[in-house]
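1. Please work out how this folds:
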Amino acid sequence: MIKAIVAGAAGRMGRRIIDMIIKSGEIDLAGAFEHPGHLAVGEDAGQISGIGMTGVKIAGSIKDVIDSGDVVIDFTSPQATLENIRIISSSGLAMVIGTTGISGDTLMEIETLAKNIRCVLAPNMSIGVNVMFRIIGEMARILGDDYDIEVLEAHHRHKKDAPSGTAMKLGQVLADSVNRDIDKVAVYERKGIIGERTDQEIGIQTLRAGDITGDHMVMFAGNGERLELIHRAHNRDNFAGGAVKAAAWVVRQPVGTYDMQDVLGLK
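-> From the prediction side, this is the model:
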């Protein structure tokens with residue numbers, strides 16, 4: 001049985017991933033860790049997740065558990081993920097990264113290190129969202145420049161990065177599909193006298209409120225009609241389930257970087 005280690009084990013996603021691992025039958029929970037000084041260090045990972053005793057205690061460092069598993073599942077923060085992959089890249093372990101908000105030099109270093117291991121790096125591990133990535137590209141190619149493109153995302157009030165990694169990926173897929181440079185055409189805010197919308201721009205707008213798990217909408221608006229493709233996450237289980245599927249898949253692959261399109265056979 002494949003042995004998994006969960007980073008950020010006491011966090012919202014970490015707890016759901018632990019629950020999904022126990023239920024999956026595909027992989028075993030072999031280790032869990034948090035940052036040093038976290039109140040959950042030393043506690044049973046199952047107890048923290050609300051599923052009962054598992055016999056796996058939450059460690060205060062990846063170094064304390066790295067020898068116990070085959071793959072690390074990481075939904076933490078950009079800096080924590082970077083520190084983790086620096087250690088994992090020389091260990092021979094595989095890694096599944098679902099951390100959002102990674103950008104700039106941090107993203108560049110993570111992508112470089114990921115090439116040395118078996119790694120699934122994806123902004124969203126939901127099966128539905130990854131089908132959405134595939135569909136919107138085809139829609140954009142068919143509709144072309146005759147339809148304005150907008151992306152709207154909404155998440156809970158505690159989410160720290162904006163726009164979401166999923167919204168950014170949606171924007172990238174859309175821009176690539178209509179031969180545009182997302183860095184040049186993305187519009188993230190509109191306020192005041194902004195003039196008419198250009199034919200090339202792709203709007204990516206953000207909402208933060210309440211306990212919204214995650215909503216993403218892509219709108220294609222033309223003259224006299226519009227098409228809207230919407231994904232709504234009802235809870236975090238779809239992301240956690242995708243991460244477990246990715247972990248079971250990636251350990252059997254050659255060294256290299258993959259995404260959920262690879263895991264799901266959508267490429």
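2. And the strands in the stretch 51-200 of the chain, which stretches?
-> Under the criterion DSSP state E, counting those that start in this stretch, the stretch 51-200 of the chain contains strands at 58-59, 71-74, 94-97, 118-121, 148-155, 186-187.
3. So what are the sheet partners of the fifth one and their directions?
-> Okay, so that is strand 148-155. Neighbouring strands of strand 148-155 in its sheet, by DSSP bridges, are strand 202-208 (parallel), strand 214-222 (antiparallel).
4. With mean pLDDT and distance to residue 11 added, can I get those strands in TSV?
-> Any C-beta I mention is one placed from the backbone N, CA and C, and that applies to glycine too. Rendered in TSV, the data for the strands paired with strand 148-155 read as follows (pLDDT from 0 to 100; distance: least, CB to CB, whole Å):
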stretch	mean pLDDT	distance to residue 11
strand 202-208	98	18
strand 214-222	97	16
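5. Make TSV out of these and add mean neighbour count and distance to residue 123.
-> Shown next, in TSV, are the strands paired with strand 148-155 (neighbours: other CB atoms under 10 Å; distance: least, CB to CB, whole Å):
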stretch	mean neighbour count	distance to residue 123
strand 202-208	18	13
strand 214-222	19	11
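6. Can you say which of the strands of the stretch 51-200 of the chain is nearest to residue 24?
-> strand 71-74 (11.7 Å; CB to CB).
7. helices or strands next to the lowest-mean-pLDDT helix or strand in the chain in the packing?
-> Within the chain, judged by mean pLDDT, DSSP states H and E, the helix or strand with the poorest mean is helix 45-49; its value is a mean of 91. Counting contacts by 3 or more CB pairs under 8 Å, 6 or more residues apart in numbering; DSSP states H and E, helix 45-49 is packed against helix 12-24, strand 27-33.
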